[in-house]
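Novice: Next come a sequence and a model predicted from it.
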Amino acid sequence: MKKRIFTSTEFYVGLVLLFLCFMIQAKSGQFFTGNNAVDLLRAFSVPAMFCIGEMFVIITGGVDVSFPAIASMSMFIVCSRMEQMTDNPLLFFAAAMLIGLAVGLVNGYIIARFRFPALIVTLGTSSICFGIMQGVFKSREYPLCAPLYELGQMKLFSVTNPVSGLTSDMPVGIILMIFLIFAGWFILNRTMLGRGIYAIGGDEKAAQRAGFQVFKTIVFIYAFSGCMAGLIGVLRSTMLLAVHPNNLEGLELTVIAACVLGGVRMEGGKGTVWGVLLGMALLTVMDNSLILLDISTTWQKVFTGAVIIIGTAVSALQMKRNNRKLTVQISDTEGGKQ
């Protein structure tokens, strides 16, 4: 058990995260303050929720780069077309989830039925969603409707920095983040669906022979990712108190990098919720540290790209090493029988 802990990706990511936190505190003196902790959690919340859906996809051996476009399109359509229809904020979230679910089902069906590469399919879906949003609905920065604006102004608590005088509010959307994290953990670790997700990523043919519904599972994870994207898109607008159609563009790279950094293997079959959250926390702290240390945030893109390349390379090397060990074990077994 101890050996497993000390050799896990999560352990080393956690160590790097702690080291970075203390290093930033030593240089800036403002890291371990209440308002900075709230700001970090606000910045962490939306990408972390996206990470849950993306992790499901990557564990099965796929990848989804369409979720920012799905979230943006759902957010804009709902916020710009439903403001005269209802005053119930829950209906805005429900409508956005239905739009995201529909797009996710299309993604999942095409990938599972026709065996097209997930990257190509979701890249095409992303382009279509942005095209519909900009061409059909003439997207632009849009004021948030009253029901969602009132929801966005609600807060759990506020924290003021006694030195700088800056005040940060903890949004109620953090509760939703906690719920989604728990739901993701529960599905992966306590249900047959979770076992099927891991099995498909490990060996799809073996999963099929074991009785797992490969087609239905793949369709589900892309539908789940799309549904969550719609929900998170509207939640994002309440946190910004405005509708910014292009605010989420490019977030897919950060989310994929967080998954890889947290130990999710790009080839599938491996990954944990806690590892992904640690990976996203490290990227969030990196971004925050650049601001506190007065370093250009463009360096974060360099770090994100490097993480994806290095993480994928490490996953490939681990898979090659595991295959070599398996070959040796099979050879030893056959030799023993003779």
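Specialist: It's in.

Novice: Could you give the number of residues near Lys205?
Specialist: Counted with other C-beta atoms under 10 Å, the neighbours of Lys205 add up to 9. (Glycine included, C-beta is placed from N, CA and C.)

Novice: ok, it to Val285 distance?
Specialist: Distance, Lys205 to Val285, using C-beta to C-beta, to the nearest Å: 41 Å.

Novice: quick one: contacts for the most centrally placed residue in the chain?
Specialist: Relative to the mean C-alpha position of the chain, the nearest C-alpha, by C-alpha atoms, centre = their mean, is the one of Cys51, at 1.4 Å. Going by C-beta atoms under 8 Å, 6 or more residues apart in numbering, Cys51 touches 255, 258-259, 262, 276-277, 279-280.

Novice: now do Ala229
Specialist: Listed by C-beta under 8 Å, 6+ apart, the contact set of Ala229 reads 50, 53, 66-68, 70-71, 74, 100, 104.

Novice: wait, which of those residues is closest to Ile59?
Specialist: Gly53 (11.2 Å; C-beta to C-beta).

Novice: Now do the SS call for the closest one.
Specialist: Using DSSP: H, G, I helix; E, B strand; the rest coil, the three-state assignment for Gly53 comes out as helix.

Novice: neighbours of the spatially closest residue to it that is not a sequence neighbour, just the number please.
Specialist: Taking C-beta to C-beta, 6 or more residues apart in numbering as the measure, Gly53 lies nearest to Ser225, with 3.7 Å between them; neighbours along the chain are not counted. In terms of burial, Ser225 registers 28 neighbours under the definition other C-beta under 10 Å.

Novice: got the buried residues for the helix or strand that contains Trp274?
Specialist: Element membership for Trp274 (DSSP states H and E) is helix 273-292. Neighbour counts over helix 273-292 (16 or more other C-beta atoms under 10 Å) mark 273, 275-290, 292 as buried.

Novice: what about Leu156, which helix or strand?
Specialist: Here Leu156 is covered by strand 155-160, with elements defined by DSSP H and E.

Novice: That strand pairs with which strands, and in what direction?
Specialist: With DSSP bridges as the criterion, the sheet partners recorded for strand 155-160 are strand 167-171 (antiparallel).

Novice: okay, the next helix-or-strand element following the strand it pairs with in CSV with CA atoms only?
Specialist: With elements assigned by DSSP H and E, the helix or strand that comes after strand 167-171 is helix 173-190. In CSV, the C-alpha atoms belonging to helix 173-190 read as follows (Å, rounded to 0.1, in the frame of the first residue of the first chain):
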residue,chain,number,x,y,z
GLY,A,173,-21.7,27.7,-7.7
ILE,A,174,-18.9,26.1,-5.6
ILE,A,175,-21.6,23.8,-4.2
LEU,A,176,-22.3,22.5,-7.7
MET,A,177,-18.6,21.9,-8.2
ILE,A,178,-18.5,19.8,-5.1
PHE,A,179,-21.5,17.8,-6.2
LEU,A,180,-20.1,17.1,-9.6
ILE,A,181,-16.8,16.0,-8.2
PHE,A,182,-18.5,13.5,-5.9
ALA,A,183,-20.8,12.3,-8.7
GLY,A,184,-17.8,11.7,-10.9
TRP,A,185,-16.0,9.8,-8.2
PHE,A,186,-19.0,7.7,-7.3
ILE,A,187,-19.7,6.7,-10.9
LEU,A,188,-16.1,5.6,-11.5
ASN,A,189,-15.5,3.8,-8.2
ARG,A,190,-18.9,2.5,-7.1
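
Novice: chain center to helix 173-190, what's the gap?
Specialist: In terms of C-alpha atoms, centre = their mean, to the nearest Å, the gap separating the centre of helix 173-190 from the centre of its chain is 12 Å.

Novice: what's the spacing between whichever helix or strand comes after that helix and its chain's center?
Specialist: Scanning forward in sequence from helix 173-190 by DSSP H and E, the next helix or strand is helix 192-202. The offset between the C-alpha centroid of helix 192-202 and the centroid of the whole chain comes to 19 Å, using C-alpha atoms, centre = their mean.

Novice: got the contact list for the closest residue to Asn88 other than its chain neighbours?
Specialist: Taking C-beta to C-beta, 6+ apart, and ignoring the residues beside it in sequence, Asn88 has Pro147 as its nearest neighbour in space, at 6.7 Å. With contacts defined as C-beta under 8 Å, 6+ apart, Pro147 is in contact with 86-89, 92.

Novice: And for Gly34?
Specialist: Shown in contact with Gly34 (C-beta under 8 Å, 6+ apart): 159-161, 168.

Novice: which of these are buried?
Specialist: Looking at those with 16+ other C-beta under 10 Å, the buried ones turn out to be 159, 161, 168.

Novice: contacting residues around the last one?
Specialist: Taking C-beta under 8 Å, 6+ apart as the criterion, Ser168 is in contact with 34-36, 38-39, 42, 158-160.

Novice: Would you format the contacts of Gly34 as JSON lines with pLDDT included?
Specialist: Listed next are the contacts of Gly34 as JSON lines, based on pLDDT from 0 to 100:
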{"residue": "Val159", "pLDDT": "90"}
{"residue": "Thr160", "pLDDT": "86"}
{"residue": "Asn161", "pLDDT": "83"}
{"residue": "Ser168", "pLDDT": "88"}
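
Novice: just these now: which is nearest Thr60?
Specialist: Nearest to Thr60 out of the contacts of Gly34 is Ser168 (C-beta to C-beta; 37.6 Å).
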